[in-house]
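Undergrad: output the structure for:
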Amino acid sequence: TFFWFQDTQDAPLFGEEDENNQTKRHPLVSFFHLFFRTSAILVYLFCDILSGRFVVCMVTIILLLSCDFWTVKNVSGRLLVGLRWWNQVDENGKSHWVFESKKTGSKNTTSSAESRVFWLGLLVCPIFWILFVFSTVFSFNIKWLVVVILGLVLQWANLYGYVRCKVGGKSNLRNMAKNYLGVQILKRHKEKQQ
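TA: Modelled structure (predicted):
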């Protein structure tokens, strides 16, 4: 697999062709960014109350997770934070992952509140699916295992894609982690000396 960070100077990105650079609000996009994720979690939690039939609940959850994955990947990431990612296959059949973000020099036209909603939803919901995986395994409720793993995989894929867009390549991710750990170690070392 080849990772590629596209230079956005080739084509207009995320409405750069717009004349006005005012902050744009997307309340409907923010709503659906959270709606599908929270609905899938709520249907999973209250499935026995809503419907005693496993297949109906499973199909509903999978449809909500699929709608969430598509919405976050193709709409809300682009409009709320100016990031997008995808996979493309070249003429030779090689897979290329593309992680793209708005130019740093362009004026920020995204709302900071909507950006916080995006990242909060993107970070919190996978935690629920991790908890669901553990609770399903430990309660031996194996019939739900495929559903909760699918929820975790779809949510994690978007989280991973957008984090890669935000911080850049793998080396940038590693450097960021090393720098953070280095700062934490220095802080603790200084605290111990005092």
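Undergrad: any idea which helix is longest in this structure?
TA: helix 112-138 (DSSP state H).
Undergrad: show me how far it is from its chain's centre.
TA: 9 Å (Cα atoms, centre = their mean, to the nearest Å).
Undergrad: any buried residues in the next helix or strand after that helix, and which?
TA: Per DSSP states H and E, the first helix or strand lying C-terminal to helix 112-138 is helix 145-167. For helix 145-167, burial by neighbour count (16 or more other Cβ atoms under 10 Å) applies to 147-148, 150-152, 154-155, 158-159, 161-167. Heads up, the C-betas are built off the backbone N, CA and C, glycines and all.
Undergrad: which member of the residues you listed is positioned nearest residue 118?
TA: Residue 118 lies nearest to residue 162 out of these, by Cβ to Cβ, at 8.3 Å.
Undergrad: got the contact list for that closest one?
TA: 77, 81, 83, 85, 122 (Cβ atoms under 8 Å, 6 or more residues apart in numbering).
Undergrad: can you put those residues in TSV and add pLDDT and neighbour count?
TA: TSV is the format used below for the contacts of residue 162 (pLDDT from 0 to 100; neighbours: other Cβ atoms under 10 Å):
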residue	pLDDT	neighbour count
77	81	25
81	79	23
83	83	21
85	81	21
122	87	22
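Undergrad: nearest spatial neighbour of residue 89, skipping sequence neighbours?
TA: Of all residues not flanking residue 89 in the chain, residue 95 sits nearest, at 5.6 Å (Cβ to Cβ, 6 or more residues apart in numbering).
Undergrad: typo on my end, it should be residue 86
TA: residue 98 (5.5 Å).
Undergrad: name the next helix or strand downstream of the lowest-mean-pLDDT helix or strand in the chain, please.
TA: Scoring the helices and strands of the chain by mean pLDDT, DSSP states H and E places strand 2-5 at the bottom, with a mean of 46. Per DSSP H and E, the first helix or strand lying C-terminal to strand 2-5 is helix 27-45.
Undergrad: circling back to that earlier point, what's across from the residue nearest to residue 86 in the sheet?
TA: residue 4, residue 86 (DSSP bridges).
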